[in-house]
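S.K.: attaching a predicted model along with its sequence, questions to come.
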Amino acid sequence: MLRQALLAISKSRHAERLVTTSPLTADVVRRYVADDIGAAVAGLTRVGLLVSAAHLGEEVTERAQTERAVADYLALLDLLPPGADVSVKLTALGLRLSEQVAHDHAAAICRAAAAKDVTVTLDAEEHDTIAGLHSVHTALRRDHPDVGVVVQAYLPDSLERCEKLGGARVRLCKGAYTAPGAYRRASDIDLSFVRCLKILMAGTGYPMVATHDPRLLRIASTLAVLDGRDATGFEYQMLHGVRPDEQVRLAGLGSRVRVYVPYGSDWYAYLMRRLAERPGNLAFFLRSLASRG
């Protein structure tokens, strides 16, 4: 119930005004959202971590806004080292306008990223955008075969999605949204995650295991061994500010660990989704506000 409430609050303009204008939230936001993306990327790279940078902003409905979003992503590429990744939300590129607009903008980013040896991953969003997300991803792969896509285990069709994504870079996550008919119990989402993970690890693509759950991390490493994947055959992905010591520990063991680093002023919805995912995140947020108050 708490998760559902926080996700509902993430869409509230009134709550957004209260949170984003409070002087108490700045330090908390900084834990999860980079205020200087260049410095954040440099710091993570120095300790052996890979990065996936994401410019915050979504649900764009005007063409001029989509063009500004493309410009932001192109500018971001200049700050990333070879081997980095950029996470793109298609609604920021005009998916609500049309799939063609989103495709054309994403293709421009893919071309620029390839020139800098940076990959692109299409991020998952609200359930009603998922069909468009995979349609655009399929079209992009014809010219940009290394473009990645996110699959959310909380959706009942996630296993079928994974089965159709042979040879692709796939970021598997639990999911941070709501949807009619979606799995809601944590145990059901975890089971779906493992079923999807088995398909991806046994397949011909590149699995990107996006979780902080210790049990799922252990399952992923076991499946990698059973399916004959070495450390270069898959990667772990974690969020900026969540279990940073574990990120460094896994990298120190020789694993590929990529940190999802969001930045930008449009951080409210992202922060609320992070709080909804784990009660520990919410407790940290409330403690931080209390200590500053």
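M.R.: Cool, the structure landed. Numbers count the residues shown, from 1 in each chain.
S.K.: and Ala108, that's in a strand?
M.R.: No. With DSSP: H, G, I helix; E, B strand; the rest coil as the criterion, Ala108 is assigned helix and is not in a strand.
S.K.: just grab the bridge partners of Leu239 for me.
M.R.: Counting by DSSP bridges, Leu239 forms beta bridges with Tyr260.
S.K.: so how far is Gly175 from Arg184?
M.R.: Per Cβ to Cβ, to the nearest Å, Arg184 is found 11 Å from Gly175. (Each C-beta comes from the backbone N, C-alpha and C, glycine too.)
S.K.: joint contacts of these two?
M.R.: Both Arg184 and Gly175 are contacted by Tyr154, under the criterion Cβ atoms under 8 Å, 6 or more residues apart in numbering.
S.K.: so for the two, which sits in the more crowded spot?
M.R.: Gly175 (23 against 12; other Cβ atoms under 10 Å).
S.K.: please report phi then psi for the more buried one.
M.R.: Dihedral pair for Gly175: phi 110, psi 140, per degrees, to the nearest 10.
S.K.: what ranges in the chain fall below the confidence cut-off?
M.R.: Where the chain drops to pLDDT under 70, the residues are 1-27, 267, 274-293.
S.K.: and the helices in it?
M.R.: 2-9, 13-20, 26-32, 37-46, 63-77, 99-115, 130-141, 158-164, 186-202, 214-226, 244-252, 268-277, 279-292 (DSSP state H).
S.K.: nearest to Gln152, of the ones you listed?
M.R.: Of all these, helix 158-164 sits nearest to Gln152, with 6.2 Å by Cβ to Cβ.
S.K.: how about that closest one: buried residues?
M.R.: Buried residues in helix 158-164, counted by 16 or more other Cβ atoms under 10 Å: 158-159, 161-162.
S.K.: and these, which is closest to Leu77?
M.R.: Arg161 (27.8 Å).
S.K.: what's the closest non-adjacent residue to that closest one?
M.R.: Val151 (5.0 Å; Cβ to Cβ, 6 or more residues apart in numbering).
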